[in-house]
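> have a look; sequence and predicted model below, questions after that.
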Amino acid sequence: MRAFLIDPFQQEVTEVNYSGDFKQIYEFIDAHTFDVARLNAKGDGIYVDDEGLYAEDQRFFQHKFYPSPLAGKGLVLGCDMDTGESASASMTLEQLVDDIEWVMPIRVNGEVVWINA
């Protein structure tokens, strides 16, 4: 099924083929655990490393429909709302690229502020 890989290290978004085997998610996002950030009512979500904030050398991205930056690589998949099973993402590659910003944290007066990378 059609999925999209968000790579903040290379600052690129590419279309990939997801087999439906959840183990492949780990491979795509280089993680041992994952969580999902839901994006829209159609069921699209971004799978990200659940321990991504602990990585020493990390990169981040922000999706305009999610309230906070996400750490590491992300895999966008859809969801069949009737069965809960993974499905092809409903959005297009072009829509996703338009909705992503590459960001990085800096400290200003002791507080973390996100700026464009």
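Done, it's in. Quick caveat: nothing in here was measured; it's all calculated off a predicted structure.

> give the contact list for the residue nearest to the spatial centre of the chain.
Among the residues of the chain, the one closest to the centroid is residue 74, at 2.8 Å (C-alpha atoms, centre = their mean). Taking C-beta atoms under 8 Å, 6 or more residues apart in numbering, we find residue 74 in contact with 5, 6, 29, 37, 46, 47, 48, 61. Quick note: C-beta positions are derived from backbone N, CA and C, even for glycine.

> kindly provide the distance from the last one to residue 23.
This means residue 61. Taking C-beta to C-beta, to the nearest Å as the measure, residue 61 and residue 23 are separated by 24 Å.

> how about the contacts made by the closest residue to residue 18 other than its chain neighbours?
What sits nearest to residue 18 in space, not counting adjacent residues and going by C-beta to C-beta, 6 or more residues apart in numbering, is residue 3, at 4.1 Å. Applying C-beta under 8 Å, 6+ apart, we find residue 3 in contact with 15, 16, 17, 18, 28, 75, 76, 77, 88, 89.

> filter those to the buried ones?
Neighbour-count burial (16 or more other C-beta atoms under 10 Å) applied to the contacts of residue 3 gives 18, 28, 75, 76, 77, 88, 89.

> re earlier: between residue 61 and residue 23, which one's more packed in?
For the pair residue 61 and residue 23, the greater number of neighbours falls to residue 61 (25 against 7), based on other C-beta atoms under 10 Å.

> ok, for the more buried one, nearest residue in space, not its chain neighbours?
Setting aside the residues directly before and after it, residue 61 is nearest to residue 8 in space (C-beta to C-beta, 6+ apart), at 4.6 Å.

> what is the nearest of the buried ones among the contacts of residue 3 to residue 113?
When the buried ones among the contacts of residue 3 are compared for distance to residue 113 (C-beta to C-beta), residue 76 wins out at 26.3 Å.

> report the separation between the closest one and residue 90.
Counting by C-beta to C-beta, the gap from residue 76 to residue 90 is 10 Å.
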